[in-house]
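Asker: let me see the structure of the following:
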Amino acid sequence: MTGGTVLANARLIDPEAQAETIGSVLIDDDGQIVAAGAAPVPEGAAVLDCGGLCLAPGIVDWGVKIGEPGERHRESFRTAGLAAAAGGVTTIVARPDTDPAIDSPEVLEFVTRRARESSPVRIRHMAALTKGRAGREMTEIGFLLDAGAVAFSDVFRVVEETKVLARALTYARSLGALVVGHPQDPGLSRGAAVTAGKFASLRGLPHVSPLAERIGFDRDMGLAEMTGARYHADQVTVARTLPALVRAKANGLDVTAGVSIHHLTLNEFDVGDYRTFFKLTPPLRCEEDRMAMVRAVADGLIDVISSFHTPADEESKRLPFEEAAPGAVGLETILPAAMRLYHAGDLTLPQLFRALALNPARRLGLSQGRLAPGAPADLVLFDPDAPFVLDRFALNSKSKNTPFDGARMQGRVRATFVAGRQVHGAPLPEGPVTVTA
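Answerer: The predicted structure follows:
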């Protein structure tokens, strides 16, 4: 080939090979990776110097809340896309808990078009599992698949009627569709603001037992075994759920699991004196549970790390803790938060990007998440050591509800590429740079 672009002098983070090497990436004019490692320099190629920074597959952030339609004042496709690009996220997998819910091909086609017009990064959509996310009647899964849905979920509204969920799983199995469940017993968790324990009692806050997650997960695993459906648990956050996850995988069920970056880097004590930016769904857990989740990611038992970006306006957060809206924004903070785990020695960079990019892309049937030839050149260039203090008002998101406001962090995104085109960061300096053929 002739032409193209070479990103040279980079520290390549390859989640497939679980390796770090110094090398370059050759990108063709169609925005695909041609070679990585000791990439050649074709005649007429533009050579850009990465300055020894880390170059990895762009993050595939699965479970992002965007306010269109219905809550555009909280987040739009444009602001979500800008936040994602600034955070090294090249593919957003958006949730269907909009107003109205994404439960019909017409709504799905509308949001797909709006996303394509407005966002500098890729946006794919999950669709609702039941109509209106009401848990009574399943959606037209086949039509929604044809319209581009990558998975089906009612998000935090757990389907309480077991027969309805069983029918939906059976129908999804016949079409090869992926169902995303929220493992939580709704009766036990309804109205809870924090995890049960001494801290919750001292603060006098409504709480839920960690076992509510395991009970919900056990039910879903029974239904997954009965129906043979493809199932993904959106957030596994307590250690007592992990043995059931081990058994499910050992028994050959088509099951994967995720965890939010906040549950990997924060614990219940961060709530402190009723700080509502730390109110999440599910609530933050104890330190022992947090460390168990980190080990599960390192071992590959938990497959996916997501931000679970949930924008909330100031009015909905500046309320008494039990009344405040749950959730935190995370598109711009997922990478520096993940660097906390790297700098603590808990996870290597290839392990992190296996969970941040490779595994979510594979599970959703996307071609992203790799540095292999033929993969889209969706890449993030970052400095894992760059220190900064986070200012929430500097975030691109419309909503500023981050638990990391004022925190000292490490890890700066220097450039983000989608299909080989730079969508964030200052232009990289040009060569000549020597690249080994």
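
Asker: pull out the buried residues from stretch 251-260.
Answerer: For stretch 251-260, burial by neighbour count (16 or more other C-beta atoms under 10 Å) applies to 253, 255-260. In this view, the C-beta of every residue, glycine as well, is placed from N, C-alpha and C.

Asker: got it, and stretch 182-199?
Answerer: 182-185, 188-189, 192-196, 199.

Asker: inside helices: which ones of these?
Answerer: 188-189, 199 (DSSP state H).

Asker: which one of the residues you listed is nearest Ile302?
Answerer: Set against Ile302, the nearest of these by C-beta to C-beta is Ser189 (20.3 Å).

Asker: show me the contacts for the closest one.
Answerer: 208, 212, 282 (C-beta atoms under 8 Å, 6 or more residues apart in numbering).

Asker: and it, what's its pLDDT?
Answerer: For Ser189, the model assigns a pLDDT of 95.

Asker: now Gly3
Answerer: At Gly3, pLDDT is 79.

Asker: quick check: closest non-adjacent residue to it.
Answerer: If the residues on either side of it in the chain are set aside, Gly3 comes closest to Gly44, at 4.8 Å by C-beta to C-beta, 6 or more residues apart in numbering.

Asker: you'd agree that neighbour is in a helix?
Answerer: No - counting by DSSP: H, G, I helix; E, B strand; the rest coil, Gly44 is not part of a helix but coil.

Asker: what stretches of the chain score poorly on pLDDT?
Answerer: 1, 432-437 (pLDDT under 70).

Asker: who does the longest helix anywhere in the chain touch, helix- and strand-wise?
Answerer: Secondary structure of the chain read by DSSP H shows that its longest helix is helix 211-227. Under the contact criterion of 3 or more C-beta pairs under 8 Å, 6 or more residues apart in numbering; DSSP states H and E, helix 211-227 touches helix 162-175, helix 186-189, strand 230-233, helix 242-250.

Asker: could you rerun that using 6 Å?
Answerer: helix 162-175, helix 242-250 (3 or more C-beta pairs under 6 Å, 6 or more residues apart in numbering; DSSP states H and E).

Asker: mind putting those helices in CSV, distance to Gly425 included?
Answerer: Shown next, in CSV, are those (distance: least, C-beta to C-beta, whole Å):
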stretch, distance to Gly425
helix 162-175, 40
helix 242-250, 38
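
Asker: now tabulate those helices in CSV and tack on mean neighbour count and distance to Pro120.
Answerer: Shown next, in CSV, are the helices and strands packed on helix 211-227 (neighbours: other C-beta atoms under 10 Å; distance: least, C-beta to C-beta, whole Å):
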stretch, mean neighbour count, distance to Pro120
helix 162-175, 17, 32
helix 242-250, 16, 36
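
Asker: wait, which of the ones you listed is closest to Val418?
Answerer: The nearest among those, by C-beta to C-beta, is helix 162-175 at 29.5 Å.
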